[in-house]
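>>> Predicted coordinates and the sequence they were generated for:
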Amino acid sequence: MKKGQSGIVWGGPAGNREFQERKEAHARRLEKARFQMANVTVYLKCDRNVEVQSQDVFLSDVGTLRCMDSTVSAKLKALKVHHFGSGEPKRCVVSSLYLVKLMEEACPNITVQIVGEPDVLVEQVDVDRHKGWQQWAKCALVCLVSFFGTAFTIMAYHNDVGINDVFTEIYRMVMDREPQGLNTLEVSYSVGLAAGIILFFNHVGGRRITKDPTPIEVAMRNYEEDVDKALIATAGREGIEKE
């Protein structure tokens, strides 16, 4: 017989009874934990397009998890979804069913509810925090091309519709004489054209006029969505989607 720190002789009847009670309490706690985990519902909201900087992609990178059990949530967020090798493409498509499979393998007794996108486009990007002269040169080139290209387009349009003849005829009808050089109508049209462009694109320098997205932003979002859908459909057709 051996006497423990609590004064109970473990080799006697009292010690055996104490040991049995602790064993039953531990079994009840394990049963309660299994019962709670069996009723845990995990909500997964995936994004359509995700950019990462590291080679390892985790579940927390491709979507958002919502779970009442913090332990289960932390375990699922740490699951590795994909690894970008050195010679592999820097883009992959991951199906939400593949994510559900990984989550159920890590925690078999959970229920996963998908509330986001069915497929995720993951792309590894290299972000340079220090802007070099190449980026500034590209920005200047884009600004020059946009400025002179827009100016040439406006002038070509005015030449096609004969805007000078229209202004001359209106001036002759209103003033009953021939225009002499620059007139008020041309100045007003130029100011109105500039103001209309500013209001249409909803930008004055770096400030917005309203909180609504600009037409350029809407067009870019639509373009990005079309590109993402095309890439996901191509990956599914070629059989390179992880599912």
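Perfect, thanks for sending it.
>>> quick one, strands of this protein?
Taking DSSP state E as the criterion, the chain carries its strands at 40-46, 49-52, 56-58, 63-66, 80-83, 91-95, 110-114, 119-124, 203-204, 207-208.
>>> Next, the buried residues of the first one.
Buried residues in strand 40-46, defined by neighbour count with 16 or more other C-beta atoms under 10 Å: Val40, Val42, Leu44, Cys46. C-beta: built from backbone N, CA, C; applies to glycine.
>>> Give me the average confidence score over the longest helix along the chain.
As assigned by DSSP state H, the longest helix anywhere in the chain is helix 133-161. Per-residue pLDDT values over helix 133-161 give a mean of 89.
>>> can you check stretch 225-243 too?
In the prediction, stretch 225-243 has an average pLDDT of 84.
>>> ditto for stretch 202-217
On average, the pLDDT along stretch 202-217 is 75.
>>> Dump that stretch to CSV, keeping only the CA atoms.
C-alpha atoms of stretch 202-217 as CSV (Å, rounded to 0.1, in the frame of the first residue of the first chain):
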residue,chain,number,x,y,z
ASN,A,202,-15.8,61.7,-59.4
HIS,A,203,-12.3,62.9,-58.6
VAL,A,204,-10.6,66.2,-58.0
GLY,A,205,-6.9,65.4,-57.5
GLY,A,206,-6.9,62.8,-54.7
ARG,A,207,-10.3,63.7,-53.3
ARG,A,208,-13.7,62.3,-54.1
ILE,A,209,-16.7,64.4,-54.8
THR,A,210,-19.1,61.8,-53.6
LYS,A,211,-18.8,58.4,-51.8
ASP,A,212,-20.0,56.5,-54.8
PRO,A,213,-17.4,54.4,-56.8
THR,A,214,-16.1,56.0,-59.9
PRO,A,215,-16.9,54.6,-63.4
ILE,A,216,-13.3,53.5,-63.7
GLU,A,217,-13.5,51.6,-60.4
